[in-house]
Every structure is written in C-alpha cells, then in structure tokens.
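*Asks:* Predicted model and sequence below, questions to follow.
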Amino acid sequence: MALPPARAVRYRLEYAAVASLGLLFRAMPLAAAQCVAWVIARAGYALMRSRRNEAKRRIRLVMGGGMTDREVAAAAWISFRNVAFNAVDMFRIRSLTKRKAARLVEDLPGVVAHIRGVLEKAGGTGAILALPHCGNWDLAGSAVFLWGIPIFSVAGKQRNPWTNRYINRLREGRGMAVLERGEAGGRTYIEMLRRIRRGEVFAILPDSRSRTPALPVPFLGGTANLARGMGKLAFQTGAPVVPVVIRRVSWRRFAIELFPAIWPDRSASCDAEELRMTVEAAGLFDAAIRKTPEQWFWYNKRWVLDPVEPEAAKTPSKTPPGTTEQQDKKNTP
C-alpha cells in the first residue's frame, strides 16, 4: 500500500538519520562511539522530563523505601544510557566475531555449554530462551549464535518500512534469524513451532504487558498481564524454558546469569502449564530486577503493571495464538 506523500518523506528522513548514525558509529572506534552515544543520551535524558520522572516513579513503586532519591536517579539514568549503548552495539553488530563475542560476554563458553546441555536433555527439541529487558539481548543472541547455537527471535514491525528493513538487517547481521510478528494466517507462529521442533532456540522477551487479557502473574510487587506465548510454545513443543538475565557490567562487558530450565508437564493442561511456567520465570526476573534495577528498561510506554485497557479487553486480538507483545512497536530500545 502506497504511503501518503508527507508520511513517505518523513519516513525517508527518519531512515536517513538512523542510517547516517549507524555509519558514524561503525566508522568510529568503539570507545569514541560510546562517548558520542553517552552525550546524545545525556541530552535526551535532560529533555525527556516526563518520561524520566515516570521511570523514577516506577522504580520507587517497585523498590519501595529501599533506595534513596540519589540511587533512584542513578538507576533511571543508567537504564536510559544503556539504550544508547545498545544502539551502538546494534549498529556495529556485523563486525562481531566469535573472538570478539568472547571478550564482550563473560564466560561465554560456559553459557553456551549450559544451553547445549539443555538441548541434549531435550532430545532433539529446541528450547525457549526467556530474557527480561536487561543488558543487550540482541547482542547476546548473536554472540550465542556465533558459538554454534541455532537461535532466532521475533520482532515487531516498525511503522517506517525503510527503518524496519534496516533494523532487521542489522539484527540478522551475524546469522540470528529474525521473524516478523503478526504475519497473516498465523504463519509466523507456525514457523516458530517448526523451528523449535527441529532443535532451534527461540529467544523471547516475556516481561512486557500484553495488550489483551492474558496471564495474571505476580511481578514487581503487583499483578502483570503477561502474554501466553512463552508457556504455550513450551507446552506445544515440549521445549524447556531457560531463564536468562543479561547485565552490562561495564561500558564494554556483559555478564549472563543462567537459571535451571523450566520443563513443561505435558500431562497437565495447557492453560495450567502456561501460567505455572510464566509465574516461575517472572519470579526469577523479579528478583534479578530488584537486585540490579538500573539494568532493566523502565521506559516502556506500556507499563507492565498497568491494567489492560477496557477497549482491548473487548476487542479480540489479531495476533496469532502464542505470539507475544514483547515491546511497544514505537518503543524498541
């Protein structure tokens, strides 16, 4: 469908700005690129007063009286700054090699060995890597792929078609397949099932609020409406859920915390297992976020503890069964 002329011009300008920034960050040494990103993030943080204050409100709500105002402010800033650093990593991801990945991620061979052990136990079926919005999930996926783990993810389609294609090319730059969410007729979901059943690992971000009624899950001191996709895929394929938390421990280094796999009980009902597995994973993520709140992304427009909008509750979802609302389409970090 042709875009209105004014919108097409705006989208092309947006794409040109993003692509130009990518060229700049790729041409510079990593340290210099991160310094530029830091300056851009600092300016954006100062200008986005309402979003900044909302992030601080959320941190206080979750952490209670456990943090001083200075600590809350520091957590909100680092969370915002990390988005800029993640963008630098994304723009440069095509230059990532197996050796570079090992330098970026602490004990990457151990991480890969853990995932391979789970896959061996699964007996030919793949696994579902469940990650909260911490660290840099895209870079971690590419790093794991370079070390021999077949991994794929699903991403929301950006409204700007040129930017959408550009971002997906970057995400796939080191071989990690990226499927677009919401393909007609449920083709995306069918492809997800096929890939998992043939032994691939699906990386999913299950800690965002679903737009439509889904699973009521205790999370961050409240009840979050989390999507069914992770548990449904696990139940239908027999694949285990492997909870993982990624943290940026310095400007250039990441640490990955692995948890025991959560295996589906296929003798139980699908609904019961969807809830059980999601609650278990959310409990692990809850503790991890409270331990290092600055690592989590607090700026999502759809706050995870907000109730479902009444109109969403009345409108049937057009999303294929089992897919997830990982992120707001306009709010991809």
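*Replies:* Arrived safely, thanks for sending. A quick note: this is a predicted structure, and the numbers were derived from the prediction, not measured.
*Asks:* can you give me the strands in the stretch 101-250 of the chain?
*Replies:* Assigned by DSSP state E, counting those that start in this stretch, the stretch 101-250 of the chain shows strands spanning 127-130, 151-155, 177-180, 201-204, 215-219, 222-226, 241-248.
*Asks:* Distance from the last one to the middle of the chain?
*Replies:* So that's strand 241-248. A distance of 10 Å separates the centroid of the chain from that of strand 241-248, by C-alpha atoms, centre = their mean, to the nearest Å.
*Asks:* do the fourth one as well
*Replies:* When distances are taken as C-alpha atoms, centre = their mean, strand 201-204 is centred 10 Å away from the chain's centroid.
*Asks:* The third one too?
*Replies:* Using C-alpha atoms, centre = their mean, the mean C-alpha position of strand 177-180 is found 13 Å from that of the whole chain.
*Asks:* which strands and helices sit next to that strand?
*Replies:* strand 151-155, helix 161-171, helix 187-197 (3 or more C-beta pairs under 8 Å, 6 or more residues apart in numbering; DSSP states H and E). No exception for glycine: its C-beta is placed from N, CA and C like everyone else's.
*Asks:* Run through who's touching it.
*Replies:* 151-157, 168, 171-172, 188, 191-192, 195 (C-beta atoms under 8 Å, 6 or more residues apart in numbering).
*Asks:* just the buried members of those residues?
*Replies:* Ile151, Phe152, Ser153, Val154, Ala155, Gly156, Asn168, Arg171, Glu172, Thr188, Met192, Arg195 (16 or more other C-beta atoms under 10 Å).
*Asks:* Mind pulling up the pLDDT for the most centrally placed residue in the chain?
*Replies:* In the chain, the C-alpha nearest the mean C-alpha coordinate belongs to Leu205, at 4.2 Å (C-alpha atoms, centre = their mean). Listed pLDDT for Leu205 reads 93.
*Asks:* what about the stretch 101-250 of the chain, any weak spots by pLDDT?
*Replies:* Scanning the stretch 101-250 of the chain for pLDDT under 70 picks out the ranges 173-175, 182-185.
*Asks:* if we go to 80?
*Replies:* For the stretch 101-250 of the chain, residues meeting the criterion pLDDT under 80 lie at 155-158, 171-176, 180-185.
*Asks:* Give me the buried positions along the host helix or strand of Ala16.
*Replies:* Using DSSP states H and E, Ala16 maps to helix 5-27. Residues Tyr11, Tyr15, Val18, Leu21, Gly22, Phe25 are the ones in helix 5-27 that count as buried (16+ other C-beta under 10 Å).
*Asks:* How about stretch 101-115?
*Replies:* Neighbour-count burial for stretch 101-115 [16+ other C-beta under 10 Å]: Ala101, Ala102, Leu104, Val105, Leu108, Val111, Val112, His114, Ile115.
*Asks:* hang on, the first one packs against Phe145?
*Replies:* No: when contacts are counted by C-beta atoms under 8 Å, Ala101 is not listed as touching Phe145 (9.1 Å).
*Asks:* now the helices for the stretch 1-150 of the chain?
*Replies:* 5-27, 30-47, 49-63, 69-91, 98-104, 108-122, 137-146 (DSSP state H, counting those that start in this stretch).
*Asks:* Tell me which of those helices lies nearest to Arg248.
*Replies:* When the helices of the stretch 1-150 of the chain are compared by C-beta to C-beta, helix 69-91 sits nearest Arg248, at 5.6 Å.
*Asks:* what are the bridge partners for the nearest residue to Thr223 once chain neighbours are set aside, then?
*Replies:* Spatial nearest neighbour of Thr223, excluding adjacent residues (C-beta to C-beta, 6 or more residues apart in numbering): Pro216 at 5.1 Å. Beta-bridge partners recorded for Pro216 (DSSP bridges): Asn225.
*Asks:* What number of residues are in the vicinity of Pro216?
*Replies:* 14 (other C-beta atoms under 10 Å).
*Asks:* Please list all residues in contact with the residue lying closest to Leu139 once chain neighbours are set aside.
*Replies:* With sequence-adjacent residues excluded and distances taken as C-beta to C-beta, 6+ apart, Leu139 is closest to Asp89, at 4.7 Å. With contact set as C-beta under 8 Å, 6+ apart, Asp89 has these partners: Asn136, Asp138, Leu139.
*Asks:* ok, the second one to Phe85 distance?
*Replies:* Here Asp138 is placed at a distance of 12 Å from Phe85 (C-beta to C-beta, to the nearest Å).
*Asks:* now do the last one
*Replies:* Distance from Leu139 to Phe85, counting by C-beta to C-beta: 10 Å.
*Asks:* more crowded one of the two?
*Replies:* Using other C-beta under 10 Å as the criterion, Leu139 and Phe85 rank with Leu139 on top: 23 against 20.
*Asks:* what's next to stretch 62-76, contact-wise?
*Replies:* Arg52, Ala55, Lys56, Ile59, Arg60, Leu220, Gly221, Ile289, Arg290, Pro293, Glu294, Trp298.
*Asks:* Quick one: buried ones out of those?
*Replies:* Buried, going by 16+ other C-beta under 10 Å: Arg52, Ala55, Lys56, Ile59, Arg60, Leu220, Ile289, Pro293, Glu294, Trp298, out of the contacts of stretch 62-76.
*Asks:* nearest to Trp38, of the contacts of stretch 62-76?
*Replies:* So of the contacts of stretch 62-76, ranked by how close each gets to Trp38 (C-beta to C-beta), first place is Glu294, at 15.0 Å.
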